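1. structure for the following, please:
(chains A and B)
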Amino acid sequence: MSSSFRGLIPHQLIIANNEYLTLLALLTLVALVGIAASFLLVSKRNSKNTILLTGLPFAGKTAIHYLINHGKSVETVTSIKENEADAVLIDGKTPAHIVDIPGHERLRFKFSEFMPIARAVVFVVDSSTASRQTRLLAEYLYDVLADKFTQNERIPVLIACNKSDLLTSFKKERIQTLLETEINKLRQTRAAALDTQDTDGNENVFLGFEGKDFTFQDLENEVEFLECSAENKDIERIKDWMAGVLY
Amino acid sequence: MLDFFTITTRGGLVLWSKAYSASSTSPINHLIQEVLIEERSSTQIYYKDNYALKWTFVNDLDLIFIAVYPKTLGLTYIDTLLKVVSTQFSDLYGAKILRKSNGGIPQLKDWDLQFEALLQTVEDQDASVTKQPRKFEETVGYANTLAFAKSKPGSKSPLLDEDEFRRNVELLKKKTASPRMGGRKGKGAKSPVTSPVIGSDDSPKKKVKEGRKWDGKISAKDAKSLDYSNSDISEVVKTDRLVDQSGMGQHSKDGTYSVADLEASDDAEDSYSSDDSDGGYTKISGRSLQAKKPVASNGLLSFFKNMTGQKEMTEESLEPIMRKMKEHLINKNVAADIAQHLCDSIAKGLVGQTLGSFKSVQAHVKQNMELALKRILTPKTSVDLLRDIAQAQAEKRPYTIVFIGVNGVGKSTNLSKTAFWLLQNNMKVLIAACDTFRSGAVEQLRVHVRNLKALEQNAVVDLYEKGYGKDSATIAKEAISSAKTTGHDVVLIDTAGRMQDNDPLMRALAKLVTVNNPDKIIFVGEALVGNEAVDQLTKFNAALKDFSGMANPRHIDGMILTKFDTIDDKVGAALSMTYTTGQPILFVGTGQTYTDLKNMKVSHVVASLLRE
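-> Residues are numbered from 1 along each chain as shown, chains lettered A, B, ... in the order given. Here you go, the predicted structure:
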């Protein structure tokens, strides 16, 4: 009896063991895959810590860039090349990778090159010339907002109205209405523009809702306005916004 | 005098600048925007308002040195100054800047003084060179005089003199003998005579040549004063140091070098570069003014550098690649001189850069070329015609577009394609037939209008024509005023094709533009055109400018590139045209139907241009 039991129990145990083992193996496999996947996802999330500084020439992008990264006011000229730096926004957190993109029209294509790694975009506006440059501003901002990465990943956009120290500067509310009216017109004409040579997937997006005047609230991504002044080193709110987006 | 000097990074950070007169940074921004960004830096000098600007790059550090001076002063020393300052600066702060490559702002200790000293030296040298007229003894003419011949022996060492004397005797002997035999014998006979006299291992032939050179144009002393490369600079800065920091014990050693001393001695250079290490005290070593190439290329180190692919690009190493690149562009139908300009400009931006490992120079050049092409082809002004038209609508006036170009490029065809596109956007279009020259031109447009009307049921498109032989400027004017009353949104003005060298017709075109002041002047050009593109565009632009008689003459605002479907990947004309005018290509014509008008895709053109 004992021998038969002896023979039976181990046998059952072995079977059970086998099942357990396969189950265990499966479980560990699933767990591993899950961990790996989550690691990948997390690392992807973390790796996207790039914030772009864009805007027209003379808006003060490079000045803001150096203020954020080094806390120093610097004299600048028109940039030919992008400036990149890792800035510690909050002590102890991973630094943000901040890229200052040249504003000159001819170099604007660099913006779309950085878009795939962008987590957020800061669009710097010269508040003192905003009324004269509304169309240029709106065209660039339109490109930023209608970019496929901005659309698909709902990249938040901050519109930083720089040079608020100047007497002639506009308030952010005024700039917002100026831009909204202009983008309202632009989205009509852009939609009606001719196709490009080889249309690889219709990239035409329509900002806001059709039949309703354009407002920034209608966009799916977050668009925020704030005033700042690189001259007076008044850029803390930009930093706060960046930190808010990143962490 | 120098007005302004600045050192900036390519990123736009001003590392250092100094203004000698009330001058803004605006000419510098203009230089960057109009020359450097547009890849036109193969030119050497840029004029803006009353200023002349010269610049130089230090590519491995991504630095730009810019000197601004009044246009009226033809300062000759600016090139030297830029060269001297850039080498000196990168020697002193290069390592610092590279260490802070993460966008840091390097501290430039003592650079003010350094710069002043350099400027002073270069200016002084310039003054001493230019102040007095050349002595007769220094001219080439003098070399042919008897006095020169007499003075020659005196200027040399007696040994050489003797040598020459013997040589002359030998030559005379040879001449009297049979000339052929003499040639062969001469060598054999010469060497035993000369070599013992000279007493060195130099071959006699070389020695003789050397001597000739010294005699030829300038004396050794003059040569030294003209030679900016070495000791002069170092000594002057030394003295400057001495004056400023004489109190510091460390520097007293350096202080002992007097100006006169250094001027004479070449070996002073060595002693300077050897004590480079003493802290806080930076000096201009002779080395700084020499090219860095020889240092990099010596021996084992460079071998390993080559092995790991860490190589610095030099003009020599780039030359064959740039030549190949140029040929490639020309094969793609880019105008030859534009290909040359572009390659020069890119080479200028690459010299001195160091390549990372595993990266071939060719790939790097190609990458830079791609960037440059993208930059050139990307429009710098808005190309949103519809938005412009909306603006005109708001101002309650018709928007006018003039189509110009040489014969047979497709002005009328592409005008009607544009009309079709505008009609689809519910614009009311008036076509003005201002080609009163070629028979059938008006009828051609009439057919187009009929077709367009048939295509779009409620389209408003009309033809304004006054037959042949009339003044086109007047017809255009009438058409515009008629459009105002009839409520047309857009007036498309068709003009007669004309060759760019046809003076009377070009004058007529300028008149049409001046009288009507259209919103856009569109140049229609064939994509098939090669070198001719540059000529056409420059002459059309020149005509618009020269014959207008206005203070602010118009120029071509945009281009339509036609027959784009016929050229496969030889899209060079697109580059030639945008580079020549700086204006965007608004549309490309890609076929025979009304819908064959497209926006040009920059990336597409760039890819075609670079495709093997």
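
2. shaky segments in the chain?
-> With no chain named, the answer covers chain A. For chain A, the stretches with pLDDT under 70 are A:1-17, A:37-47, A:198-204.

3. my bad, chain B
-> Looking at chain B by pLDDT under 70, you get B:22-25, B:100-104, B:130-144, B:146-310, B:357.

4. could you pull out the strands for it?
-> Counting by DSSP state E, chain B has strands at residues B:4-9, B:14-19, B:46-48, B:51-58, B:63-70, B:399-404, B:429-434, B:461-464, B:490-495, B:520-526, B:558-562, B:585-589, B:597-598.

5. partner strands of the second one and their direction?
-> The strands beside strand B:14-19 in its sheet (DSSP bridges) come out as strand B:4-9 (antiparallel).

6. in the stretch 201-350 of chain B, which residue sits nearest chain A?
-> B:Gly349 (9.5 Å; C-beta to the nearest C-beta). Quick note: C-beta positions are derived from backbone N, CA and C, even for glycine.

7. would you confirm that that residue contacts B:Val58?
-> No. Using C-beta atoms under 8 Å, B:Gly349 is not in contact with B:Val58; the gap is 11.0 Å.

8. circling back: count the neighbours of the residue of the stretch 201-350 of chain B closest to chain A for me.
-> Number of residues near B:Gly349 (other C-beta atoms under 10 Å in any protein chain shown) recorded here: 20.

9. ok, A:Asp165 - contacts?
-> Listed by C-beta atoms under 8 Å, 6 or more residues apart in numbering or on different chains, the contact set of A:Asp165 reads A:Ser229, A:Glu231, A:Asn232, A:Asp234.

10. likewise A:Phe214?
-> A:Glu180, A:Ile183, A:Asn184, A:Arg187, A:Leu207, A:Gly208.

11. can you tell me which of these are in helices?
-> Among the contacts of A:Phe214, the members falling in helices are A:Glu180, A:Ile183, A:Asn184, A:Arg187 (criterion: DSSP state H).

12. mind checking how far the residue nearest to the third one when sequence neighbours are not counted is from A:Glu222?
-> Leaving aside its sequence neighbours, A:Asn184 sits nearest to A:Phe214 (C-beta to C-beta, 6 or more residues apart in numbering or on different chains; 4.1 Å). For A:Phe214, the distance to A:Glu222 equals 16 Å [C-beta to C-beta, to the nearest Å].

13. who in the stretch 251-400 of chain B is up against chain A?
-> B:Lys374, B:Arg375, B:Ile376, B:Thr378, B:Pro379, B:Lys380, B:Thr381, B:Ser382, B:Asp384, B:Leu386, B:Arg387, B:Ala390 (C-beta under 8 Å from any C-beta of the partner chain).

14. let's see it at 7 Å
-> By C-beta under 7 Å from any C-beta of the partner chain, the residues of the stretch 251-400 of chain B that approach chain A are B:Lys374, B:Arg375, B:Thr378, B:Pro379, B:Lys380, B:Ser382, B:Asp384, B:Leu386, B:Arg387, B:Ala390.

15. ok, now which ones touch the first one?
-> For B:Lys374, the set of contacting residues under the criterion of C-beta atoms under 7 Å, 6 or more residues apart in numbering or on different chains consists of A:Phe109, B:Val602, B:Val606.

16. what's the distance between the last one and B:Asp62?
-> Right, B:Val606. Distance, B:Val606 to B:Asp62, by C-beta to C-beta: 23 Å.

17. same check, this time on the first one
-> Distance, A:Phe109 to B:Asp62, using C-beta to C-beta: 20 Å.

18. repeat that for A:Ser131.
-> As judged by C-beta to C-beta, A:Ser131 and B:Asp62 stand 36 Å apart.
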